[in-house]
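Asks: For reference, the sequence and a predicted model appear below.
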Amino acid sequence: MKHQNNETAKESVFYRRNLPHIHPQNGLFFITFRLAGSLPVPIIQQLKNEREIQIKTLGQKLSPKELATETYKIDKRNFAKFDEWLDNSSEGPQWLLDQDVAQIVTNKIHELDGQRFRLIAYCIMSNHVHLLIDMIDFDNCMQGKLRGKTKDYPLADILRLLKGSTARKCNLKLERSGAFWHNESYDHYVRDGEELGRIVEYILNNPIKAGLVEEWQEWRFNYCITTFMS
């Protein structure tokens with residue numbers, strides 16, 4: 001698999017809503033999106049506050065370059081806590097346990113594979129989805145074709161398509177209305193091949209970590225291409 005590191009990637013695009021997003025062109029991305037209402041608001045605020053305090057404290061001691069490195073580590077730890085809360089949460093919807101609903105999401109991911117990205121791996125849990133995609137060479141082919149708020153952010157446009165289409169179909173299947181997905185997603189730019197391998201392992205082992213299966217292949221909505229390290 002081709003991989004483009006920080007030195008060769010084009011200038012990053014950075015924007016923010018509630019979470020930081022760094023989107024270099026032609027990159028590999030680890031994405032997590034969750035159901036609306038799947039985490040209690042106090043927990044989300046707690047994680048946000050912890051992150052901000054840690055970064056503020058370090059910002060008083062470190063150079064900008066050192067702070068960037070430490071912020072990256074903080075964000076990784078923050079995400080691990082976030083994901084653990086999702087795995088263990090007994091509150092909120094778990095609509096993705098419905099196999100027909102999970103299949104709708106699976107079908108859309110595979111539909112976009114080869115059109116907007118190269119699919120590497122995914123895992124669909126009860127209330128969230130982990131997705132790993134390769135956008136190398138896909139950014140260029142989409143230039144001039146994107147419109148609206150996401151026209152400058154190909155990854156954001158992919159998530160718009162994926163979440164928008166599946167929300168409608170899943171709601172119809174569940175005979176409900178209202179928000180299906182939380183309005184924002186976590187995304188992480190994969191920096192090198194070593195990190196890529198760790199992320200694939202993390203995704204596939206999510207059902208094992210949650211105590212649902214003993215082998216990752218036993219989870220119906222786990223997927224990984226066999227040549228991801230080639």
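Replies: Here it is on my side, so go on.

Asks: Would you mind checking which helix or strand in this protein has the lowest mean pLDDT?
Replies: In the chain, no helix or strand scores lower on mean pLDDT, DSSP states H and E than strand 13-16, which sits at a mean of 46.

Asks: Any regions of the protein where pLDDT drops low?
Replies: Scanning the chain for pLDDT under 70 picks out the ranges 1-26, 139-152, 227-230.

Asks: So which bits of the helix ranked longest in the chain are buried?
Replies: The longest helix of the chain (DSSP state H) is helix 64-88. Of the residues in helix 64-88, 67, 70-71, 74-75, 78-79, 82-83, 85-87 count as buried by neighbour count, 16 or more other CB atoms under 10 Å. C-betas here are computed from N, CA, C, even on glycine.

Asks: wait, residue 79 sits on residue 185?
Replies: No - using CB atoms under 8 Å, residue 79 is not in contact with residue 185, being 11.7 Å away.

Asks: Overlap in contacts, the two.
Replies: Shared contacts of residue 79 and residue 185, defined by CB atoms under 8 Å, 6 or more residues apart in numbering, comprise residue 32.

Asks: Let me see the ranges of the helices in the protein.
Replies: With helices called from DSSP H, the chain shows them at 41-59, 64-88, 99-112, 138-142, 154-174, 193-204, 206-209.

Asks: Turn these into a markdown table, columns for distance to residue 125.
Replies: Output for these, formatted as a markdown table (distance: least, CB to CB, whole Å):
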| stretch | distance to residue 125 |
| --- | --- |
| helix 41-59 | 17 |
| helix 64-88 | 7 |
| helix 99-112 | 9 |
| helix 138-142 | 26 |
| helix 154-174 | 15 |
| helix 193-204 | 10 |
| helix 206-209 | 6 |
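
Asks: looking at those, which is closest to residue 122?
Replies: Evaluated over these, closeness to residue 122 peaks at helix 99-112, with 5.9 Å, by CB to CB.

Asks: which outside residues touch that closest one?
Replies: With contact meaning CB under 8 Å, 6+ apart, helix 99-112 is reached by 95-96, 119, 122, 124, 129, 131, 158, 161-162, 165-166, 169-170, 173-174, 220-221, 223.

Asks: Kindly recompute the last result at 10 Å.
Replies: Residues from elsewhere that reach helix 99-112, judged by CB atoms under 10 Å, 6 or more residues apart in numbering: 33, 95-96, 98, 117, 119, 122, 124-126, 129, 131, 133, 138, 158, 161-174, 180-181, 220-221, 223.

Asks: Residue 48 is in contact with residue 81, correct?
Replies: No - contact between residue 81 and residue 48 fails when scored by CB atoms under 10 Å: they sit 11.1 Å apart.

Asks: Which residue ranges make up each domain of this protein?
Replies: 1-37+94-230, 39-91 (automatic domain parsing).
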